[in-house]
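Q: Next come a sequence and a model predicted from it.
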Amino acid sequence: PKIDGTDFYMFRSYEPGRDGFVTMIANYQPIQAPYGGPNYFTMDPNAIYEIHVDNDGDAIEDLTFQFKFDNNLVNKGNGIELNIGGKNVAIPLRQAGQITANDREGALNEIENYNVSVIRGDRRSGNGQPLTAPGGGRNFKKPLDNVGTKTIPNYNAYANRFIYDNVTIPGCNGKARVFAGQRAEAFAVNLGPIFDLVNLIPLQGADSAEYPQYNVPDYAYKGVGIQQDRANDDLIGKANVTSLAIEVPISCLTDGDDSVIGAWTTSSLPQASLEDPSPTYEQDAKFGGAWVQQSRLSAPLVNEVVIGLRDKNLFNAAEPTQDAALATYVTNPTLPTLVDILFRDALGASGNIAPSNYPRNDLVAAFLTGFPGFNQPAKVTPSEMMRLNTAVPPTPLAQQNVFGVVAEDLAGFPNGRRPVDDTVDIALRVVMGALCYPVPLGAELGVKGATEDSASDNVNLGLCKPSDAPVGNLPFTDGAPIKPSELPAAFPYLNAPLPGAQG
């Protein structure tokens, strides 16, 4: 779990006054129980965690931001000790008292540090240089996880002391911001029922005034679908995650005149490990050899519901240049046919409801190339990564639409991904053929004669036809909503983690 990538967010920063930056957030260690003590969720000091950026469309990283963690006991490596009957004895906990913004380390038994390097060119043979905080320090500190309100009475005030401003990136004319620490999960998903053979009717049901962005009256499906309800969400309000966040000036990420970048996250371990039969705190195994990629992530749900079970390990190990070997999972996906098997009768359909346009060029655009004239690089090599047109202005948080681009909010998914974007609903609809139907993007994409608020704004992207997707215009959903008011509008953009205990 320590090296398991869970989500990747990349968007033009929408904190007021920060629109000249791109924020990237790589989340690891899924479904952290807030009460998961006594060890909680340190990062793996034997691993490296990386965010890769391709700024010329060739599916090869041009920039890599590499995070490396190091955990140390205080008291010269002995940890906090108590005098018990004349003997100094190490305590079993990660803290021995209260922790506040003004006294961040006095009661801590273990300090978790990390450094960040920028690597230009190949991630292993390229030139790596450390990012530095004001004053030249290269070591950053990670806050303790949210043990509870007795240990950390004001977690926001405490954790905000670990947001590093004015960080220098070598070779970049501008300053970055960096944060690594526990955050509340922001991924809205009806996780249990979805993987129990989609144990729900995956269509928008009766309207709910609480979630207006989901309630298109024409889409209420015969009153039998699922309602948007926070109770359907298995993660938000129930689990934490560890976030590695970095905000970088746009000019440091793009190359030449092309404003589109692609990015993905990985984690890697040394190729060889030898378990130590006499382990210590500092070493429980010996590691050596080349770094081997263990986890890879960019767009959500690709590994989970696109890649076949037998090839999931291969996808996690592959670099984007190798994605041609896995392209069949995109051009000939199995998920729509699984939905047909499960719901053809329930929807009263007379025939197959899975889209029939093979190869699925609509999914190729969504997952592998980006959309021409919008977030596709000028010279693109098809490969699975998150793509962002950095020239698109950010949408203020309060005006963000959870359906992103298809709802005419061009700063949202799949043009990058923001925490508020309901990627499960968007992905379900796209997989079932939503892009085969006209979308209200004529004016935004510069279609001749198209104007907003008119019929001319509805254009077919030319990737497939409505007849190819029998139910592509239906409102597929998992019923797990999210709304902008639930999230902060400032770096690192995710809420403080849920406390392990309150009182």
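A: That came in fine, so what should we check first?
Q: What is the burial count for Gly225?
A: The burial count assigned to Gly225 is 21, neighbours taken as other C-beta atoms under 10 Å. Just so you know, the C-beta spots here come from the backbone N, C-alpha and C atoms, and that holds for glycine as well.
Q: Show the pLDDT at it.
A: Confidence per residue is given as pLDDT, and for Gly225 that number is 82.
Q: excluding its backbone neighbours, what's nearest Ile168?
A: Careful, residue 168 is Thr and not Ile. The spatially closest residue to Thr168, leaving aside those adjacent along the chain, is Thr132, at 4.8 Å (C-beta to C-beta, 6 or more residues apart in numbering).
Q: er, Val224 I mean
A: If the residues on either side of it in the chain are set aside, Val224 comes closest to Ile201, at 5.8 Å by C-beta to C-beta, 6+ apart.
Q: So that neighbour belongs to a strand, correct?
A: No: when the secondary structure is assigned by DSSP: H, G, I helix; E, B strand; the rest coil, Ile201 falls in coil instead of a strand.
Q: next helix or strand past the lengthiest strand in the chain?
A: Of all the elements of type strand in the chain, the one with the most residues (DSSP state E) is strand 260-275. Per DSSP states H and E, the first helix or strand lying C-terminal to strand 260-275 is strand 285-297.
Q: Would you mind getting the angle between that next one and strand 260-275?
A: 150 degrees (axes from the mean of the first three to the mean of the last three C-alpha atoms, to 10 degrees).
Q: Which strands or helices does strand 285-297 pack on?
A: In terms of contact count using 3 or more C-beta pairs under 8 Å, 6 or more residues apart in numbering; DSSP states H and E, strand 285-297 is assigned the packing partners strand 5-12, strand 260-275, helix 312-317.
Q: Run through the neighbouring helices and strands of the shortest one.
A: Put plainly, it is helix 312-317. Under the contact rule (3+ C-beta pairs under 8 Å, 6+ apart), helix 312-317 is packed against strand 285-297, helix 302-305.
Q: what's the longest one in contact with?
A: Surrounding strand 285-297, the residues in contact under the criterion C-beta atoms under 8 Å, 6 or more residues apart in numbering are 3-8, 26, 28, 46-48, 124, 264-276, 279, 303, 315-319.
Q: Buried ones among these?
A: Members of the contacts of strand 285-297 that pass the buried threshold by neighbour count (16 or more other C-beta atoms under 10 Å) are listed as 3, 5-8, 26, 28, 46-48, 264-270, 303, 315-316, 318-319.
Q: Quick one: low-confidence residue ranges for the stretch 251-400 of the chain.
A: In the predicted model, the stretch 251-400 of the chain carries no residue with pLDDT under 70.
Q: before we move on, what SS does Ala180 have?
A: Three-state call for Ala180 (three-state DSSP): strand.
Q: roughly how far apart are it and Ser456?
A: In this structure, Ala180 and Ser456 are separated by 48 Å, where distance is defined by C-beta to C-beta, to the nearest Å.
Q: Neighbour count: the two, which is higher?
A: Counted by other C-beta under 10 Å, Ala180 and Ser456 do not tie: Ala180 has more neighbours, with 27 against 14.
Q: Can you verify my assumption that the more buried one contacts Tyr114?
A: Yes: Ala180 is in contact with Tyr114 according to C-beta atoms under 8 Å; the separation is 5.6 Å.
Q: Name the residues contacting each of these two.
A: Taking C-beta under 8 Å, 6+ apart as the criterion, Ala180 and Tyr114 both touch Met43, Phe67, Phe69, Phe140, Lys142.
Q: With respect to Asp103, which of those is nearest?
A: Distance to Asp103 across the shared contacts of Ala180 and Tyr114 (C-beta to C-beta) is lowest for Lys142, with 16.9 Å.
Q: contacting residues for that closest one?
A: Lys142 makes contact with Met43, Phe69, Glu112, Asn113, Tyr114, Phe162, Ala180, Gly181, according to C-beta under 8 Å, 6+ apart.
Q: and the closest residue in space to the first one that isn't next to it in sequence, helix, strand or coil?
A: Leaving aside its chain neighbours, Met43 sits nearest to Phe69 (4.1 Å; criterion: C-beta to C-beta, 6+ apart). Secondary structure, three-state DSSP: Phe69 is strand.
Q: Next: Ala157.
A: Ala157 carries the three-state label helix when classified by three-state DSSP.
Q: Which residue, other than its chain neighbours, is closest to it?
A: Leaving out its chain neighbours, the residue that sits closest to Ala157 by C-beta to C-beta, 6+ apart is Ala101, at 4.2 Å.
Q: on that earlier part again, my guess is the residue nearest to Val224 contacts Ala346. True?
A: Yes: between Ile201 and Ala346 there is a contact at 6.5 Å, judged by C-beta under 8 Å.
Q: if you count what's nearby, which of the two comes out ahead?
A: Neighbour tally, Ile201 and Ala346, criterion other C-beta under 10 Å: the higher count belongs to Ile201, 17 against 11.
Q: just the helices in the protein please.
A: Secondary structure of the chain by DSSP state H: the helices cover 155-160, 191-195, 302-305, 312-317, 328-331, 335-343, 361-363, 423-431.
Q: Which stretch among those helices is buried most, on average?
A: Across the helices of the chain, the average number of neighbours (mean count of other C-beta atoms under 10 Å) peaks for helix 423-431, which reaches a mean of 24.
Q: That one packs against which elements?
A: Taking 3+ C-beta pairs under 8 Å, 6+ apart as contact, the helices and strands that helix 423-431 lies on are helix 361-363.
Q: re earlier: right, and out of the shared contacts of Ala180 and Tyr114, which lies closest to Arg12?
A: For the shared contacts of Ala180 and Tyr114, the residue nearest Arg12 by C-beta to C-beta is Phe67; the value is 22.0 Å.
Q: So for the closest one, what's the pLDDT?
A: 98.
Q: separation between it and Gly181?
A: Applying C-beta to C-beta, one obtains 12 Å for the distance of Phe67 from Gly181.
Q: Please apply the same query to Leu108.
A: 14 Å.
Q: more neighbours, the two?
A: In this view Leu108 and Gly181 are compared by other C-beta under 10 Å, and Gly181 has more residues nearby, 26 against 19.
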